[in-house]
Each structure stands twice: as C-alpha cells, then as structure tokens.
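>>> how would this look folded up:
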Amino acid sequence: MRYVILLKGINVGGRHKVPMADLRRICVALGGADVRTYVQSGNVVLDVEEGAATLPARISATIAAEYGHAGVHVIARTTAELAAVVDSNPFLARGCDPAKLHFTFTAGDADAAGLDGVASSGFEPDGFAPGPGGFYVHCPNGYGRTKLDNAFFERRTAQPATTRNWKTVTALLALAES
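Next up is the predicted model:
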C-alpha cells in the first residue's frame, strides 16, 4: 500500500533539521520501499506492506532517538485518502486562487466538536471548511497572516495538525500516483 507521510515541524525555520536523505533512510529501515521525499519540509511517499498502522509512531521515535527532536508528529494518508482531499476542495469549486489554498491534516480521528459553532465567516477574508482527515483553508492574504493556523485546529480538535499549501498537496498526490 502506498502512503504519504507528513511530518510536522521539521526543517522549518532552521530548527529540527532532518536531511531528506536521512529521512528516506529511516523510512527504508522501518520497512518502506520506493521511498521518495518532496521538498525539505518532511513529505514522504512510500510503499509499506506491514506495520503501516504503527509507521508514524516508529518514524517519530526514530527521529527522536537519532536527532533529539522529541514530539515530531507524523501523519500518514493513503493515496486514496489524499485523492479524496484533492477531489473535494470546496474552495476550488468557488473559483478561489489555488495559490491561496492549504489543507490542514489532523492526526487520527480529530474531534471536530471543538469547531461546533465556530463560523468560518468569523475569520474573513480567510475561511475554512472540513474535509477528509482535516480542513481546507483559504487565506487570500497569505497563510502567514491567518489565525487559521495549526494551533487553531489543534486546540479545537485535540489532535496534532500540519498544513501544506495546495501546490504541495497536489504534487504529493501526483508523486503517490506515479
């Protein structure tokens, strides 16, 4: 089965560095095959036959052991799950600029109850919508200026979250489907 692995917080802002060659090596050592990385921010596509359910925890533990980066959250999605994210973007259907779109992936089954009563319109011009395994985020003024960041969703869902811009999401899907 092919998976897309998303690591939160490595190689961002010069902290928690893990060279992508080392990340590929770690994934191979943990049973991954055809391991490929995309850009320098913890995106991996790989095939794994056994142990897929525990792979995120094992990657996190290995990074902690080898680099001392404790608490690196690792989120996994199948190719089909990522395709569902790409196929269901409500902001694309509204004609929004893809360069202003992001997807926030949450670990596990996020408890969206924390978002009950939170209207996307309260963050205008930014907006969000629930999606498969996370949230679509539209930031017309840039992600760096939004309040709809990882911390916003983590507080309300009680799950770790990591965000990728839409270009990265679609590139990861293309890589996973190749």
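
>>> Phe152: how many residues sit nearby?
Neighbourhood size, Phe152 [other CB atoms under 10 Å]: 19. From N, CA and C alone the C-beta is placed, and that goes for glycine too.

>>> Retrieve the pLDDT associated with Ala112.
The score at Ala112 is 62. That number is its pLDDT.

>>> actually Ser88, not the one I wrote
94.

>>> Run through the residues that contact it.
Gly131, Pro132 (CB atoms under 8 Å, 6 or more residues apart in numbering).

>>> Asp97 versus that one, what's the distance?
Separation of Ser88 from Asp97 (CB to CB, to the nearest Å): 18 Å.

>>> same check, this time on Phe123
From Phe123 to Asp97 the distance is 17 Å (CB to CB).

>>> Just the buried positions in stretch 151-171, please.
152-154, 156-157, 159-166, 168-171 (16 or more other CB atoms under 10 Å).

>>> This protein: strands as residue ranges?
2-7, 33-38, 43-47, 74-78, 101-106, 127-131, 134-138, 161-165 (DSSP state E).

>>> what angle do the second one and strand 161-165 make?
It refers to strand 33-38. For strand 33-38 against strand 161-165, the angle by axes from the mean of the first three to the mean of the last three CA atoms, to 10 degrees is 70 degrees.

>>> just checking, what packs against strand 33-38?
helix 20-29, strand 43-47, helix 166-177 (3 or more CB pairs under 8 Å, 6 or more residues apart in numbering; DSSP states H and E).

>>> Which of these sits closest to Leu6?
Nearest to Leu6, of all these, is strand 43-47, at 6.2 Å by CB to CB.
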